[in-house]
Each structure stands twice: as C-alpha cells, then as structure tokens.
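>>> Everything below, folded, please.
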Amino acid sequence: MPRRWIYRAEVAVSLLSTALFGLTLFDPAWIERWFKVSPDGGDGSAERWIVGGGFLVAALLAAAMARHERRRFGVVSES
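Residues are numbered from 1 along each chain as shown. Next up, the predicted model:
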C-alpha cells in the first residue's frame, strides 16, 4: 500500500475520532439512542469512559502516526 494511502487513512481515523469525541462531549446520550442499550443505567459513566479512553486516545494516536508518517517519508497530499 502506498505511503500516501496510509497517511490519508491515519488522518481520516483522527478526524472521525475527533468528531465522535466532540459529539459525545455535547450529547453523551447519542450512544444509547443509536445502539438502544444503556449499560450504565443512564448515569453517563460509560460515555465518559468511551470519551476518555476511546475516542480521544484514538484521535491523538492517529494524529501522531500521521505526523510521523509525513515527517519520516515526506508524504504530501496530492490535489
């Protein structure tokens, strides 16, 4: 797989994770509405764990990987 596609995939994962992080911060109940489950009984603790442990970490890791890819291999996005 060309380095350009790896870089683009890392950027896409970072953007998606950031968007889901923001969505969960502003409306934590979206997870319960979409999946029709409430593992925490509606108190919001599961959403806080998902935000802190999942989306934010995924966004930061993917962004760091994309930055490394761009610096190490000189990957630039083509127009």
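>>> Would you map the helices across the protein?
3-26, 30-35, 45-50, 56-73 (DSSP state H).
>>> Including mean pLDDT and mean neighbour count, could these go into a markdown table?
Every C-beta, even on glycine, is put in place using the N, C-alpha and C of the backbone. Listed next are those as a markdown table, based on pLDDT from 0 to 100; neighbours: other Cβ atoms under 10 Å:
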| stretch | mean pLDDT | mean neighbour count |
| --- | --- | --- |
| helix 3-26 | 88 | 16 |
| helix 30-35 | 82 | 12 |
| helix 45-50 | 78 | 15 |
| helix 56-73 | 88 | 15 |
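>>> Pretty sure Glu47 sits against Thr24.
Yes: using Cβ atoms under 8 Å, Glu47 is in contact with Thr24, at 5.8 Å.
>>> Mind listing the shared neighbours of the two?
The contact sets of Glu47 and Thr24 overlap at Ile31 (Cβ atoms under 8 Å, 6 or more residues apart in numbering).
>>> I am finished for the moment; much appreciated.
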